[in-house]
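Trainee: Sequence and predicted structure are below.
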Amino acid sequence: TWQSLVELIYDFVPNLVNEQIGGLFENVKQKFFPCISVTFTFSLFRNLQGMIPYSFTVTSHFLITLGLSFSLFINITIVGFQTNKEKE
């Protein structure tokens, strides 16, 4: 069952990326896939953890959300510069 869950997420995230970044080339989508999949699975499992009684949702902390968004912003900016760099 664990393998089925991981395969479901692994198939769902590329479809989500394809819908959000539809007009780009396949190699650009593959560059953004690890960043988006890690962010999605982290948010999914941390928020599901908060549904367990007497447990704490990690994503409700401001610093966790700020750190995640800042690292995501830096990562997407770096990948964007690498993808669209001027060819000499």
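Mentor: Sure, I can see it.

Trainee: sec struct for Asn47, please.
Mentor: helix (DSSP: H, G, I helix; E, B strand; the rest coil).

Trainee: which residues does it contact?
Mentor: Asn47 makes contact with 57, 59, according to CB atoms under 8 Å, 6 or more residues apart in numbering. Every residue, glycine included, has its C-beta placed from N, CA and C.

Trainee: what residue ranges in this structure are flagged as low confidence?
Mentor: Judged by pLDDT under 70, the chain has its weakly predicted residues at 21-29, 86-88.

Trainee: ok, now with 90
Mentor: Scanning the chain for pLDDT under 90 picks out the ranges 1-3, 5-50, 54-61, 64-65, 68, 72, 75-88.

Trainee: Nearest residue to the middle of this protein?
Mentor: Ile36 (2.2 Å; CA atoms, centre = their mean).

Trainee: residues contacting that one?
Mentor: 13, 16-17.

Trainee: what ranges do the helices span in this structure?
Mentor: Using DSSP state H, the helices of the chain run over 2-20, 26-49, 62-83.
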